[in-house]
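> Structure for this input, please:
(chains A, B, C, D, E and F)
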Number of protein chains: 4
Amino acid sequence: MTEKQLRIVNAAMEVFVEKGYSGSSTSEIAAKAGVAEGTIFRHYKTKKDLLFSIVTPIVAKLVAPFVMKDFYRVLDAPYSTYESFLRAVLRNRIDFIHKHLPALRIFLQEIPFQEELREPFKDMVAANIIPRLRNVAERFQAQGSLRVDFPPESIVRLTMTNILGFLLARYFLLPEYAWDDEAEIERTIDFIIHGLGAPRA
Amino acid sequence: MTEKQLRIVNAAMEVFVEKGYSGSSTSEIAAKAGVAEGTIFRHYKTKKDLLFSIVTPIVAKLVAPFVMKDFYRVLDAPYSTYESFLRAVLRNRIDFIHKHLPALRIFLQEIPFQEELREPFKDMVAANIIPRLRNVAERFQAQGSLRVDFPPESIVRLTMTNILGFLLARYFLLPEYAWDDEAEIERTIDFIIHGLGAPRA
Amino acid sequence: MTEKQLRIVNAAMEVFVEKGYSGSSTSEIAAKAGVAEGTIFRHYKTKKDLLFSIVTPIVAKLVAPFVMKDFYRVLDAPYSTYESFLRAVLRNRIDFIHKHLPALRIFLQEIPFQEELREPFKDMVAANIIPRLRNVAERFQAQGSLRVDFPPESIVRLTMTNILGFLLARYFLLPEYAWDDEAEIERTIDFIIHGLGAPRA
Amino acid sequence: MTEKQLRIVNAAMEVFVEKGYSGSSTSEIAAKAGVAEGTIFRHYKTKKDLLFSIVTPIVAKLVAPFVMKDFYRVLDAPYSTYESFLRAVLRNRIDFIHKHLPALRIFLQEIPFQEELREPFKDMVAANIIPRLRNVAERFQAQGSLRVDFPPESIVRLTMTNILGFLLARYFLLPEYAWDDEAEIERTIDFIIHGLGAPRA
DNA sequence: CATGAATGAGCCTTCATTCAT
DNA sequence: CATGAATGAAGGCTCATTCAT
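Numbering: from 1, shown residues only, chains lettered A, B, ... in the order given. Sure thing, here's the model as predicted:
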């Protein structure tokens, strides 16, 4: 990727984040990147190509850990409890967000409007992520460490809600708030474990 | 509100939901509403006025129950437990969503791009909703029914995360899924109570 | 057709004649018509629509006399000789050219580049005009007034060549030349008759 | 002329024929020629230079036989009749077309739009070709083998019309048609001779 | 009050041309 | 000599908005 291309992508990310894809103009992007407008179109055939060049890699990486062949192994040795599983996933996704905040934001903002983005993503989540998390939930239920009066679907939903809820609040809704990250992560995990854990005998 | 105005607003909602505010054209709205382009501008000075006429009332109603002068009273007599409080809030918000789904969707989609929408809303939440919920949390903590090893802020955050998380999943992300509403509501509440409740003596 | 539309069409004809369709810009047409550029697109969805709105009616009128149901009748009573037939056709086409010179010029100039124009026109000529002229030729051959050592196709080709050749030279190639129209028309007809007529017994 | 230059010219001819000069883009020509865009401009300063490099030589060759110093001689010894003169010209021009069909097509298509092409060509025809043909006509009129009731200008016009008319139909309008070239050439000549020849005593 | 023709700024994109490599 | 990235003007077209009817 040439230096000029990098400037274009960075400028595009800035503008897309602020005004959304539809609200952004290629002329503004070009100006902010310090290149001629024509230069954008030498590298990206259309404005939409530019958007997708930013957002498609994100989708891939977003789901990457969940579609790994050895997803189970994550849990095997070191993470033998649901708690350690949660902690691993949460920290992994935090790292990911740190690296890709602006692109993620664009992804979130555009997913309602870009069918080419939404449908494959939905399919991917339905086909890969949900079933794998379900398996994990069932496994810990069988093992007696997660409550069995909830169906595994609800376990998965509530777990995801709280992980995503934390990430969203922390990085997108209130990034400026004085978060005590360590404490809040532990509280989130503690909360999930208390809410979903099997009752002590 | 005249019949023509109603047709305009409904058409606008359809188009805004699908393409977003920036991606929609007043000509498409006019066509879908079956009125002349000029007619839109007779009722709404600008396209943005039209958006706000849809979205501002939503904001008001969205926060309404939390800014009521007698918000405390909600809890007094009938809702003497955190559980009944949760149940009341959740059901109330479900009713609300049922009535205003499209406008809410537009609100959610546009909030990243419309500063005039985002900032007042944020302020309102920060100034009114959060403190009131905080008070409720502290009250139940003092009363011994919510765990005290979490700061009230975390209680509020986790509670909101799970209420909003349920509503989002139920009505926006997976509206087609075969939800067992009653059961899932109860599970959500049960989960929160287990996760946040004070340990039994 | 509104007055503004008329101004647009006239301006378009001027510009198309001079620079060809591809070489013309809608902004120049708008300027010459004294309207805003957007106005063009209110009346014609695309630049090509504008071209076709000028050129398609011409095609229809161009072939009109040959596809008339009573084409034969033209010859019956008054035109009982090939000579009077030629004279009728030639004068009729001259009138036509006088009325539609610029549009015709655009038609001629664009036909090599516009497949949507060329193919239907070719088909029309092949399916309607040629066969009818062929019939006429055969009829006068049978009647003994046209030479029979030429196949009717050649009769038709040579006749058309000379009619079109005169019209092209007169109105498109050398319109400024000091033509003696009456004399040249008669010479053209005389020439054709001498060239194609059956040898006097 | 380098091999690359040849590829450029050939590609340009293909594209110009199909889309016309204005409708063609240097990038398409470069792609079709398999060279970089810049390479075109190394050999031809502008796109118009490229057009003229194709079309100007054609003009020269087009008029060449008529401007030869010994044009008269063509007629002297072997072609002592108007008929043999016609035959010589026609066959000579057919050879020429066979060699230069695409370039000729471009010439014909562009002449309405390129003043730099049209005006010199017109002047050349007016100054050289017409007068020489006129001389030929007058000569055969004087010699008693062409009719004298037509002014020589009409003789010239009708002769050119039929020669060009044949060539146009044969090579440009209906190249696919199953022509019997020999027969049609002879018919064309025969027709001209019959139409223009002096009446037998 | 409703209409829809008219506007012209602005949009995305293409283009011929230049120039450093 | 060839390349192809870069340019910025210009292209066709859309848009929100205005206003005479």
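
> which parts of the helix or strand that contains residue A:132 are buried?
Assigned by DSSP states H and E, residue A:132 belongs to helix A:130-142. Neighbour counts over helix A:130-142 (16 or more other C-beta atoms under 10 Å in any protein chain shown) mark A:130, A:132, A:133, A:136, A:137, A:138, A:139, A:140, A:141 as buried. Every residue, glycine included, has its C-beta placed from N, CA and C.

> One more: stretch A:31-42?
A:32, A:33, A:35, A:39, A:40.

> What is the neighbour count of the residue found closest to residue A:100 once you drop the neighbours it is linked to in the chain?
Among residues not flanking residue A:100 along the chain, residue A:58 sits closest, at 5.9 Å (C-beta to C-beta, 6 or more residues apart in numbering or on different chains). When neighbours are defined as other C-beta atoms under 10 Å in any protein chain shown, residue A:58 has 19 of them.

> Just want the phi and psi numbers for residue A:58.
phi -60, psi -50 (degrees, to the nearest 10).

> contacting residues around it?
A:100, A:103, A:104, A:106, A:107 (C-beta atoms under 8 Å, 6 or more residues apart in numbering or on different chains).

> how about the strands in chain A?
Along chain A, counting by DSSP state E, no stretch forms strands.

> Buried residues, the lengthiest helix in it. List them.
When every helix of chain A is counted residue by residue (DSSP state H), the longest turns out to be helix A:82-110. Neighbour-count burial for helix A:82-110 flags A:82-83, A:85-87, A:89-90, A:93-94, A:96-97, A:100, A:103-107, A:109-110 (criterion: 16+ other C-beta under 10 Å).

> Would you pull up how far it lies from the middle of the chain?
Distance of helix A:82-110 from the chain centroid (C-alpha atoms, centre = their mean, to the nearest Å) equals 5 Å.

> just to revisit the earlier point, does the helix holding residue A:132 reach chain B?
No. Helix A:130-142 does not reach chain B (C-beta under 8 Å from any C-beta of the partner chain); its nearest approach is 10.2 Å.

> Tell me which other helices or strands that helix touches.
Of the remaining helices and strands, those touching helix A:130-142 by 3 or more C-beta pairs under 8 Å, 6 or more residues apart in numbering or on different chains; DSSP states H and E are helix A:47-67, helix A:82-110, helix A:152-167.

> Which residues does that helix contact?
Here helix A:130-142 makes contact (C-beta under 8 Å, 6+ apart) with A:66-67, A:71-72, A:75, A:82, A:85, A:146-148, A:152-153, A:155-156, A:159-160.

> And for stretch A:190-197?
Contacts of stretch A:190-197 (C-beta under 8 Å, 6+ apart): A:82-83, A:86, A:145-147, A:150, A:155, A:158-159, A:162, B:150, B:158, B:191-192, B:194-197.

> and the gap between the most centrally placed residue in chain A and residue A:93?
Nearest to the centroid of the C-alpha atoms of chain A, with distances taken as C-alpha atoms, centre = their mean, sits residue A:62, at 4.9 Å. Residue A:62 sits 9 Å away from residue A:93, going by C-beta to C-beta, to the nearest Å.
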